[in-house]
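Engineer: Sequence below, structure please.
(one chain, ligands or ions: 1)
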Amino acid sequence: MNDSQPYDLIVLGAGVVGITTAYWAMRAGLSVAVIDRHPHAALQTSFANGGQISIGYAEPWANPRMPAKIFKWLFSKDSPLVFRPRLDWQQWRWIAGFLSQCRASASERNLIRIVELALHSRRKLREIRELEHIDHAHRQLGIIRFYRSQRELDSVRRAADLIQNHGCPCEVIGVERILEIEPTFHNHAHQLAGGVYTPQDESGDTHRFTQQLAANCSQRGVDFFYNTRATALLQTASDGIRAVETRSTDGYDEIEARHIAICLGVDSAPFLRPYGIDLNLYPVKGYSVSIPFGNSGGSPTVALIDDGYKLVYSNLGDHLRVAGTGELGGYRRDLDRHRCRGIIERVKEIFPDAGDFHHSRFWTDLRPATPSNVPYLGGSRYPNLWLNTGHGTLGWTLSAGSGDRLVSRILKSPGL
Ligand SMILES: Cc1cc2nc3c(=O)[nH]c(=O)nc-3n(C[C@H](O)[C@H](O)[C@H](O)COP(=O)(O)OP(=O)(O)OC[C@H]3O[C@@H](n4cnc5c(N)ncnc54)[C@H](O)[C@@H]3O)c2cc1C
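Structural biologist: Down below sits the predicted model:
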């Protein structure tokens, strides 16, 4: 506990983004505190996500093909993307931003920025894993994104070329090659037109990774304030933030710091709004189903993406995690079992022996999404308040690199 001195850095939020930020700050020799309202790390959106570290999936959802698809899916309960309109101008502003990012030029620019950050992130994630001996059901067998129609496959060639040209090996492959890489497709190969294979992509359990990294940080001097809600930022007379006001079962408190990093996931936007920081960040709800293997031997070993249904498949050691779909409908986290059962039906169509479906676990949470899927990473209008949030569909993929980049920026700023 740092009783007298302010911390060098307070990290708000103990999801995968906050914990990797705290880790790099600790490694740089800073005194660090992490604050989260939950009793442990990674209990919100980083809890049961798709588990993929997928640079090959860097093309944002906002791309030129999406407006027509959205129109087709609009208001259908079973479509991969669902829109629930609300009287909330933040939602409509986000949609306007999303549509503007669907232009080919904007979408390609965003893709390139995401690939660049994701490549850095993969290097940093590997560094963490080696140094910290983290065991999180990690697999490095690549990822296959598969398509059912030749037209769909042809439409993603340009994005695949861009990803390849920017440093991530990425090949368009036929059905035979898919079967070589992942033989469990064999009975259902007739459903496929082909795929995009990124052989260096990975998968692993985000929750396990984040919890172990948090434990390592704690052992090496990072202070954790769990069950503690950040309620306000306390400003200095000049233009900075001097402390975070918190509330726990012990009541209200103030924790002082020289720098503060906002890693609050989907709560970042409402938290910052009273301070004149207006992030265009909105929740996009997703679901996951964890299917225990039991005695079945028909689960894929290689990580997969079913782009038509916006579902990702990751083998996490003793279960298959299938996650995805998107709902734009506000901050509610209620679990729609109909959506989860829909995911199970999709899995059974291709992998009927994937596992013990009766004992599947269902989960839902909110992706902190920007319209472009490019996160807010860097400074704010306050010189010592930093943003690392809005990682949308790729928070696990981008976390280690985002944390590293942010800490490098903080280290260059005055006041440390
Ligand atoms: C269904 C689904 C599948 C996904 N699949 C993948 C995938 O395969 N690969 C990938 O790269 N990404 C994936 N993602 C995205 C990824 O999970 C998120 O981008 C990532 O978890 C966001 O991490 P975070 O740390 O920003 O947010 P979070 O994990 O939500 O962490 C934010 C933390 O802030 C805390 N908090 C909020 N407000 C306060 C407050 N006032 N005081 C104290 N604490 C507070 C919360 O308790 C929480 O712990 C998926 C997401 C979903 C929903």
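Engineer: distance of Thr228 from the ligand?
Structural biologist: As judged by C-beta to the nearest ligand atom, to the nearest Å, Thr228 and the ligand stand 7 Å apart. Where C-beta positions appear, they are placed from N, C-alpha and C, glycine not excepted.
Engineer: is it true that that residue touches Val34?
Structural biologist: No: the pair Thr228 and Val34 does not pass the contact test of C-beta atoms under 8 Å, sitting 9.7 Å apart.
Engineer: And the two? Which one has more around it.
Structural biologist: Neighbours per residue (other C-beta atoms under 10 Å) separate Thr228 from Val34, with Val34 holding more: 30 against 21.
Engineer: Do I have it right that that one meets Val11?
Structural biologist: Yes: with contacts defined as C-beta under 8 Å, Val34 counts as touching Val11 at a distance of 4.7 Å.
Engineer: list the residues that contact both of the two?
Structural biologist: 18-19, 22 (C-beta atoms under 8 Å, 6 or more residues apart in numbering).
Engineer: Run through the residues that contact Arg339.
Structural biologist: 287, 325, 327, 364.
Engineer: can you give me the strands in the stretch 101-250 of the chain?
Structural biologist: Applying DSSP state E, counting those that start in this stretch to the stretch 101-250 of the chain gives strands spanning 143-147, 171-173, 194-198, 202-203, 223-225, 229-235, 241-248.
Engineer: count of residues packed around the closest residue to Gly355 other than its chain neighbours?
Structural biologist: In space, not counting the residues next to it along the chain, Gly355 is nearest to Ile291; the distance is 3.9 Å by C-beta to C-beta, 6 or more residues apart in numbering. For Ile291, the tally of surrounding residues (other C-beta under 10 Å) stands at 25.
Engineer: Doesn't Ile291 belong to a strand?
Structural biologist: Yes: residue state for Ile291 (DSSP: H, G, I helix; E, B strand; the rest coil) corresponds to a strand.
Engineer: unless I'm mixing things up, it is touching Val322, no?
Structural biologist: Yes: applying C-beta under 8 Å, one finds Ile291 in contact with Val322, separated by 6.9 Å.
Engineer: Spit out the residues that contact the two alike.
Structural biologist: With contacts defined as C-beta under 8 Å, 6+ apart, the residues shared by Ile291 and Val322 are Val347.
Engineer: and the residue in the stretch 301-416 of the chain that the ligand sits nearest to, what does it touch?
Structural biologist: Proximity of the stretch 301-416 of the chain to the ligand (C-beta to the nearest ligand atom) peaks at Gly395, 2.0 Å away. For Gly395, the residues meeting the contact criterion (C-beta under 8 Å, 6+ apart) are 15-17, 45-46, 49, 265, 367-368.
Engineer: any idea which helix or strand carries the residue lying closest to Gly221 once chain neighbours are set aside?
Structural biologist: When the adjacent residues along the chain are set aside, Gly221 lies closest to Met26, with 6.7 Å between them (C-beta to C-beta, 6+ apart). Following DSSP states H and E, one finds Met26 within helix 16-27.
Engineer: Run through who's touching that helix.
Structural biologist: When contacts are taken as C-beta under 8 Å, 6+ apart, the neighbours of helix 16-27 outside the stretch itself are 8-9, 11-12, 32, 34, 36, 41-42, 46, 124, 128, 206, 209-210, 213-214, 216-217, 220-222, 261, 263-265, 388-389, 391, 395-396, 399-400, 402-404, 406-407, 410.
Engineer: Understood, closing this out.
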